[in-house]
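Visitor: below is the sequence, then the predicted model.
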Amino acid sequence: MQARITVIAGAVALAAAASAGHAAPSAHAPFNVKPLWLTQLRTAAYDGVTDDLLTAGLGKTGLTSAVPPAYADPLHPTATELRRAAIYNNYRALIDPTPAGGFGRFYGPNVDAAGNVTTSEGKIAGTEYIAYTDDGTGRRNVTLMVQLPASFDPANPCILTATSSGSRGIYGGISTGEWGLKRGCAVAYTDKGTGAAPHDLMADTVPLIDGTRAAATVAASTAQFRAPIDDTQRMAFNAATPNRFAFKHAHSQRNPEKDWGRNTLQAVEFAFYVLNERYGRIVPGVGLKLRTITPRNTIVIASSVSNGGGSAIAAAELDTEGLIDGVAVGEPAIEMPANPAVAVQRGGVAVPTVARTLFDFTSLANLYQSCASQAPSVAGAPGAPFVIAPFAVNRCASLKAKGLLAAATPAEQAEEALQKLRGYGWEPESSVLHTSLAAFEVAPAVSITFANALARASVVDNLCGYSFAGTDAIGAPAPLAPTLLAGMFAVGNGVPPSTGVQLINNLNPGAPFRDLLSFSPSTGLQDFNLDGAMCLRNLLTGTSAAAVNLQRGIDETRRNGDLHGKPTVIVHGRADALLPVNHTSRPYTALNKVVEGKHSRLAYIEVANAQHFDTFIGLPTALPGYDTRYVPLHLYLNRALDAVYAHLKTGAALPASQVVRTLPRGGTPGLAPALEAVNVPPIAITPAPADAITVQGNTLVVPD
């Protein structure tokens, strides 16, 4: 007996040691030992009636409603209220929630796992586990969550990852998690070190793991994010630039993206820990639980979209322990190697610029997109009324004055700017989308956030003269409405401008001002702060300390193309203007085929008439024309998940790489007819020759 106890104790010690080190080995340990990096664990059960995992009690009807859930006290929302609002907002942010766009008929809580439309509200009972992964300092505190549906079958276990998209918080992948919850899979989430709620530097309050707020001194190491500056720095910063905010993605000084794959693997390991705490067998007389649910008997699919999809790809590359069985992702952000030695052809014509990093192509979009919005060839594009046209014309003129454009007239300059974007890898199908992205400040928001993150810049650095603050009626920095800050965990996207927090040009002549409305010091024009955009762009090749740090940070995020033979399906919209296919999925597919050769099991599905923001399709009044032009990519992510799951479960064939020829809904912008099956044909197992995507040597060949 003593020998048996000694063996058990040794095994436990080994399991604990493993959990302290790498992301994966403790999932293979014989006993269920909580990873040492797991802190602040809390659990909540939901009955599937008053509250649930997928809809927070709102059901399909509540998620469809244009009226968000309310707070009893908007200044002090409860954790339950914040969770409900976070699920509502994050779910709707990633899909088209309108029936005409397919919600409730092709996808949604009431559409069951087999694709049948039911009368159910789609509420899913189960237990939610939430915790931090931390390095012992309380400074990292990356949030992890596992949703365990009551329908989970320990005899047929499955896990789906749903890492947050963009820079969102822990519920940022809930619309992906839906696929797993419906099938009785545990869903493993992580916010990957980003998140919607900021550190209010003026009041010195911070978000907690449940979205409520507390004084930084009270929260201490339990804060979801606290800017890594001391009180002396904070007070000096407040005196010089009052009413500012620090956001975790931008200002953690940890370059979170380098760990997105690791965080996703930790979410999987957390899921195995949770499952074995629930279902593991207790060793008689010892009180330890044997791991009965392991990577060997569990189907694990890494999934999500955008930055979350890129995190799944990163996790699959890092996974040398066999935690992940397959991958299915949508529109992934993939940072390519510096010299990938791959090429792309479309319609037999070589694409001249491919495989650039997100900061590279986005900082270029930040220069040219607002000017391009005025091109006559895209007149009437969705979002045009929201662009401040005189400032966009000023941007064109300033680009001309800086030698970045050569054309003479504003119209010619705008067309030249549009051609600059096309020449840098954007497909022609993206041209009409640049206007709405410019209107919503997408490129400056992403460029500023990633510049700070990659360079490990402190909030007090005001990198390139930017900061984040609320503004008054004319655009000057001002205190943010307290109700906006109180609910930002649930509403914000982690990338200002968001929920009243604006981008601020600290270098605006005279005084800091909202970036959108500010003047460039060197031009004296309201040109959307060209000086700031040029500063960001110059970090890519500059020699300053910030530039060198940013370049080093980019190198820490590059992928290698080795998925270890995991069956993988990537779906991406051809028209994607945020993450162009020529810089992400297309060259990555070529890289994977070169790296893995005959062992590659990656299928790339390029969806015609699809783009990055399904939610914009669901705004026919604000953005008429999205509804007539684009189909939901979310539906194709669900189909990719179906294909990977069927392959892993039954050995069904995976589809071959292909272009899916969808049919736009057409009609009058803002009044498009309802989506029908003819608009969204299935992914073929064997596509027609004219639709097949192939690899020839190191070149991805995409049909026109």
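Guide: Yep, that arrived.
Visitor: all contacts plus neighbour counts: C-alpha atoms, from now on.
Guide: Noted.
Visitor: ok, now which ones touch residue 92?
Guide: With contact taken as Cα atoms under 8 Å, 6 or more residues apart in numbering, residue 92 is in contact with 63, 615.
Visitor: for residue 620, that is, sorry about that
Guide: Counting by Cα under 8 Å, 6+ apart, residue 620 has contacts 626, 627, 669, 670, 671.
Visitor: same thing with residue 358?
Guide: 333, 334, 335, 579, 583.
Visitor: which two from the residues you listed end up farthest apart in space?
Guide: 335 and 579 (10.7 Å; Cα to Cα).
Visitor: sorry, back to before: among the contacts of residue 358, who's most crowded?
Guide: Of all those, residue 334 has the most neighbours under the rule other Cα atoms under 10 Å, reaching 28 neighbours.
Visitor: still on that earlier bit, can I get the contacts of residue 358 in a markdown table with secondary structure?
Guide: As requested, the contacts of residue 358 are exported to a markdown table (DSSP: H, G, I helix; E, B strand; the rest coil):
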| residue | secondary structure |
| --- | --- |
| 333 | coil |
| 334 | coil |
| 335 | coil |
| 579 | coil |
| 583 | helix |
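Visitor: let's have the residues you listed in CSV, adding pLDDT and distance to residue 112.
Guide: Listed next are the contacts of residue 358 as CSV, based on pLDDT from 0 to 100; distance: Cα to Cα, whole Å:
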residue, pLDDT, distance to residue 112
333, 98, 29
334, 98, 31
335, 98, 35
579, 98, 30
583, 98, 35
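Visitor: nearest to residue 558 among these?
Guide: Of those, the one sitting nearest to residue 558 (Cα to Cα) turns out to be residue 335, at 4.7 Å.
Visitor: apart from its neighbours in sequence, what residue is nearest that closest one?
Guide: In this structure, residue 335 finds its nearest non-sequential neighbour in residue 558, 4.7 Å apart by Cα to Cα, 6 or more residues apart in numbering.
Visitor: tell me which element that neighbour falls in.
Guide: According to DSSP states H and E, residue 558 maps onto no helix or strand at all.
Visitor: which pLDDT value goes with it?
Guide: Note on residue 558: pLDDT of 98.
Visitor: thinking again about what came up before, show only the entries of the contacts of residue 620 found in helices.
Guide: Counting by DSSP state H, the part of the contacts of residue 620 found in helices is 626, 627.
Visitor: how about the contacts of residue 620 in TSV, adding pLDDT and distance to residue 179?
Guide: Shown next, in TSV, are the contacts of residue 620 (pLDDT from 0 to 100; distance: Cα to Cα, whole Å):
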residue	pLDDT	distance to residue 179
626	98	25
627	98	24
669	98	31
670	98	29
671	98	29
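Visitor: and the contacts of residue 620, which is closest to residue 650?
Guide: Proximity of those to residue 650 (Cα to Cα) peaks at residue 627, which lies at 37.1 Å.
Visitor: next, count neighbours for the closest one.
Guide: 32.
Visitor: quick check, it in contact with residue 618.
Guide: Yes - here residue 627 reaches residue 618: they are 7.0 Å apart, a contact under Cα atoms under 8 Å.
Visitor: just to revisit the earlier point, looking at the contacts of residue 620, state which has the most neighbours.
Guide: Of the contacts of residue 620, with other Cα under 10 Å as the count, residue 627 tops at 32 neighbours.
Visitor: now that one. Nearest residue, chain neighbours left out?
Guide: Nearest residue to residue 627 in three dimensions, chain neighbours excluded: residue 617, at 4.8 Å (Cα to Cα, 6+ apart).
Visitor: next: residue 573.
Guide: Residue 573's closest residue in space is residue 610 (Cα to Cα, 6+ apart), at 4.3 Å.
Visitor: ok, that neighbour to residue 218 distance?
Guide: 47 Å (Cα to Cα, to the nearest Å).
Visitor: more crowded one of the two?
Guide: Shown here are residue 610 and residue 218; by other Cα under 10 Å, residue 610 has more neighbours (25 against 11).
Visitor: okay, that one: pLDDT?
Guide: 98.
Visitor: name all residues that make contact with residue 324.
Guide: Counted by Cα under 8 Å, 6+ apart, residue 324 has contacts 295, 299, 300, 301, 302, 316, 566.
Visitor: no wait, residue 137
Guide: Contacts of residue 137 (Cα under 8 Å, 6+ apart): residue 221.
Visitor: now it: how far from residue 223?
Guide: From residue 137 to residue 223 the distance is 11 Å (Cα to Cα).
Visitor: one more: residue 111?
Guide: 38 Å.
Visitor: who has more neighbours out of these two?
Guide: residue 223 (25 against 21).
Visitor: for the more buried one, which non-adjacent residue is closest in space?
Guide: In space, residue 223 is closest to residue 208, 4.8 Å off (Cα to Cα, 6+ apart).
Visitor: do the same with residue 638
Guide: Per Cα to Cα, 6+ apart, closest to residue 638 is residue 179, 6.9 Å.
Visitor: and the helix or strand where that neighbour lies, what other elements does it pack with?
Guide: Using DSSP H and E, residue 179 falls within helix 174-182. Applying 3 or more Cα pairs under 8 Å, 6 or more residues apart in numbering; DSSP states H and E, one finds that helix 174-182 makes contact with helix 79-94, strand 142-149, strand 158-161, strand 186-190, strand 299-305.
Visitor: a markdown table please, covering those and showing distance to residue 478 and mean pLDDT.
Guide: As requested, the helices and strands packed on helix 174-182 are arranged in a markdown table below (distance: least, Cα to Cα, whole Å; pLDDT from 0 to 100):
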| stretch | distance to residue 478 | mean pLDDT |
| --- | --- | --- |
| helix 79-94 | 25 | 98 |
| strand 142-149 | 30 | 98 |
| strand 158-161 | 40 | 98 |
| strand 186-190 | 33 | 98 |
| strand 299-305 | 35 | 98 |
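Visitor: deepest in the core, which of these is it.
Guide: Of all these, strand 186-190 carries the top mean neighbour count, a mean of 33, counting by mean count of other Cα atoms under 10 Å.
Visitor: how about residue 522: what's its closest non-neighbour residue?
Guide: The nearest residue in space to residue 522 (Cα to Cα, 6+ apart) is residue 531, at 7.0 Å.
Visitor: no, scratch that, I was asking about residue 492
Guide: Leaving aside its sequence neighbours, residue 492 is closest to residue 196 (4.8 Å, by Cα to Cα, 6+ apart).
Visitor: the strands in the stretch 1-150 of the chain, which residues?
Guide: 38-46, 126-133, 142-149 (DSSP state E, counting those that start in this stretch).
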